[in-house]
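[1] Here is a sequence together with a model predicted from it:
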Amino acid sequence: MAKPQKGARRDSCGMSELELTLVFAGVVAGAAPIVLAVLGETITEKAGVINLSLDGTILLSAMVAFAVAFETNNLLMGFVFAAVVGAVVAAIVAFFSIYLNQSQVAVGFVLTLMTRDLAYFLGNSYSHLQGPQVVPFPVPLLKDIPVFGPVFFSQNLPVYFSLAMIAWCWWYMYRTPLGLQLRCVGEHPRASYARGIDPRKLQMVYSICGGLLVGLAGATFSLSVKPGWGRPQGAEGTGWIALVLVIFGGWNPIKAATGAYLFSFLQVMGIYCQEWLPTVPAQVFQVAPFPLMIFTLLVMSLAQKESVLNWAENKDRMKSILAVLSGSVPTALGKPYRPD
Amino acid sequence: MGIFFRNVLDGLLILLAVFFFTTVILLVSGAPPFAAYYHIFKGSLGSWIKLAQVIQVWIPLTLCSAGLLYTFRIGLWNIGVEGQIMLGAVFTTAVLRVDAAKGMPMLFIGLAFIAGIAGGAIWALAAGYLKTKGGVHEIFTGLGLNFVGQGIILWLIFGPWKRPGIASMSGTELFPQQLWLPLLPALRLPPVGLALALAALVLTAVLLRYTHLGLNLKAIGNNRDAAYLFGLKPDRDMIIAMIFAGGFAGLAGSLQVAGVYHRLVPAISSNYGYLALLIVMLSNYNVWITPAVAFFFACLNVGNIQLPMMLELDSSLSGVIQGSLVLAALAVYSWRSRRKAPGGTVAA
């Protein structure tokens, strides 16, 4: 009796091509807010500022996005207000560190906890309400491309925006004069000062720009990926993941966004694992990416050690693997410029 | 006297700013601000029973804060206190679950404490080694290990340690009564916990102030490269600082299990680790101000529970107050150092 049942179960679990496209469409959709947060933080850190408040900021902007969209019945307003919230929190972090000489890590950490509690407190009356949410917007023609169509072009506008932002951020950073300025401020603020650029102003501006994207990430959560508001919302923890993904991506927007897709894939696989191993509580799978994250960071850090680099000197494949893993920290990261 | 007066003035300024901010938040959420403050006050200091609850929260907060003083002094961001509490709780539960424990309660409670300290220290050691040998920033290892600790607790509660018949978020089975920490009658307060927290404070004050270890931690925290040139061993001292922080946090976890919940519950750490980080920052890394700030935070946390019952507000208001306190304090500290330096520039 038990045997045929087992066989039948495996059949229903084996994935067909249609299911696979659905899984990948889910991965792309689920990654959208993480991609936005990762890009925002990459811009901020590239300019030399760490915004450690990501996790709370995402929650607070998610709450604000939902509340505003609910009250005005206007999704766009939700996104706008969320972006403003993200920008304001980022501005506080940057201001405290650039102009008040406080540790960015300390201020960011305090704000992580505070914005999270602020979100729960102010959002209390919006808990578990049915509100507006983003509708799918398939792109005509493109959506009919086999496999690619359903995965990338049958999504909603925030997802398209996240995809476009990856390319745009890379282009801006590496192909425009303004991007060169941005990188210079993070690498060598004193040199940019000598060239007539005010590093403090620029760091402030790019922190705010990064914050705008982080706010949009929050709105994408509460209006699209995990619609609605509650305690917990479901976005808890992703801010920390995003911070790690920036390092994982070596401060390169494309690599960091790839990390976001990998993470989203892991999350989706977690849901399937739950089906296959029903005795293990769901929370354990939510935790699984974190040891993986520590391991990745460890490998990346070891990959930059001199002894490891020497060892890989004559091994072409190892060298290319190490090149992918390495990424240069913006030299002035966390050390704001002080005029003298 | 002048310094004292200025500190009091700064304190008042911080409180005023936070009071203003919180009142605005309460008004925005449509709640009567003064009723909210009144309920928090009455819910924390309104009776002896409430005060005992406050002290029960104060104990783990103080233990964790004391541990953090070591890691802050050497310049480590030990964000992993949460996980260290959790592992302490897990190890303690493991010892108290042994069948023989019922026969020799005192021996096993003692063993459970040692196990708890070891559990917290192991979790801190992992972060310490990854930092010193692996080059991974302690913020990320600490944070990752917090999540892993939570995963371990949930797995234990739903798996190997589940209650016979039902596995639920309510935790493992209650221990037999003889394994509960003895309480002061009337107040439901374990004197052992109180004594341990005070001992931890005194030990920390002495170690940081009067020993080579304290001096080394400070020197390395101030300038790691110079300390290295002076023949100090930053890596070794970082590990030592981590062991202290983890050990104290683990002990806090033990007390939560043996003295408060009498079982392992998912929310065993109750965010106390994160709060302790705020407490130490707000007390400006001072050993003697820390317990006072911890007491205030404990009042907020206990009094807060009244808000959902009385005013249908979310109980996270205490977090908002605590966070804005630290932020306001940071602003005032930097404003003060700015005033001291001529020309408005601040020495780095």
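    Right, received. Where do you want to start?
[2] What is the neighbour count of the closest residue to B:Arg163 other than its chain neighbours?
    Using C-beta to C-beta, 6 or more residues apart in numbering or on different chains and skipping residues adjacent in sequence, the residue nearest B:Arg163 is B:Glu173, 4.7 Å away. (C-beta placed from N, C-alpha, C; glycine too.) Using other C-beta atoms under 10 Å in any protein chain shown, B:Glu173 has 14 neighbouring residues.
[3] Touching, B:Glu173 and B:Pro164? I think so.
    Yes - with contacts counted by C-beta atoms under 8 Å, B:Glu173 reaches B:Pro164, the gap being 7.3 Å.
[4] ok, A:Val280 - contacts?
    Residues near A:Val280 by C-beta atoms under 8 Å, 6 or more residues apart in numbering or on different chains: A:273-274, B:155, B:158-159.
[5] got it, and B:Gly142?
    Applying C-beta under 8 Å, 6+ apart to B:Gly142 gives the contacts B:77-81, B:83, B:127.
[6] How much space separates it from A:Gly230?
    Per C-beta to C-beta, to the nearest Å, B:Gly142 is found 28 Å from A:Gly230.
[7] Then B:Ala292?
    Distance from B:Ala292 to A:Gly230, by C-beta to C-beta: 36 Å.
[8] Also A:Asp144?
    Counting by C-beta to C-beta - A:Asp144 and A:Gly230 are separated by 37 Å.
[9] Smallest distance to chain B belongs to which residue of the stretch 151-300 of chain A?
    A:Val287 (3.3 Å; C-beta to the nearest C-beta).
[10] where does that residue land on pLDDT?
    You'll see A:Val287 listed with a pLDDT of 78.
[11] and what of the one 4 residues further on?
    For A:Pro291, the pLDDT comes out at 85.
[12] did I read that right, it in a strand?
    No - assigned with DSSP: H, G, I helix; E, B strand; the rest coil, A:Pro291 falls outside any strand and is helix.
[13] Isn't it up against B:Gly144?
    Yes - using C-beta under 8 Å, A:Pro291 is in contact with B:Gly144, at 6.5 Å.
[14] what mean pLDDT would you report for stretch B:179-199?
    Mean predicted lDDT for stretch B:179-199 stands at 84.
[15] Can you give the contact residues for it?
    B:48-49, B:52, B:55-56, B:58-59, B:62-63, B:66, B:96, B:101-102, B:105, B:108-109, B:251, B:255, B:258-259, B:262.
[16] ok, and of the residues you listed, which contact chain A?
    Residues shared between those and the neighbourhood of chain A: none [C-beta under 8 Å from any C-beta of the partner chain].
[17] are any of the residues you listed buried, and which?
    Buried members of the contacts of stretch B:179-199, scored by 16 or more other C-beta atoms under 10 Å in any protein chain shown, are B:52, B:55-56, B:58-59, B:62-63, B:66, B:96, B:101, B:105, B:108-109, B:251, B:255, B:258-259, B:262.
[18] Among those residues, which are located in strands?
    Assigned to strands by DSSP state E, none of the buried ones among the contacts of stretch B:179-199 qualify.
[19] The lengthiest helix in chain A near chain B anywhere?
    Longest helix in chain A by number of residues, with DSSP state H as the criterion: helix A:17-46. No - if you take C-beta under 8 Å from any C-beta as the test, helix A:17-46 misses chain B, and the best it gets is 12.9 Å.
[20] Whatever helix or strand comes next after that helix and chain B, any residue contact?
    Moving toward the C-terminus from helix A:17-46, the next helix or strand (DSSP states H and E) is helix A:54-72. No - Helix A:54-72 lies apart from chain B when judged by C-beta under 8 Å from any C-beta; the minimum separation is 8.9 Å.
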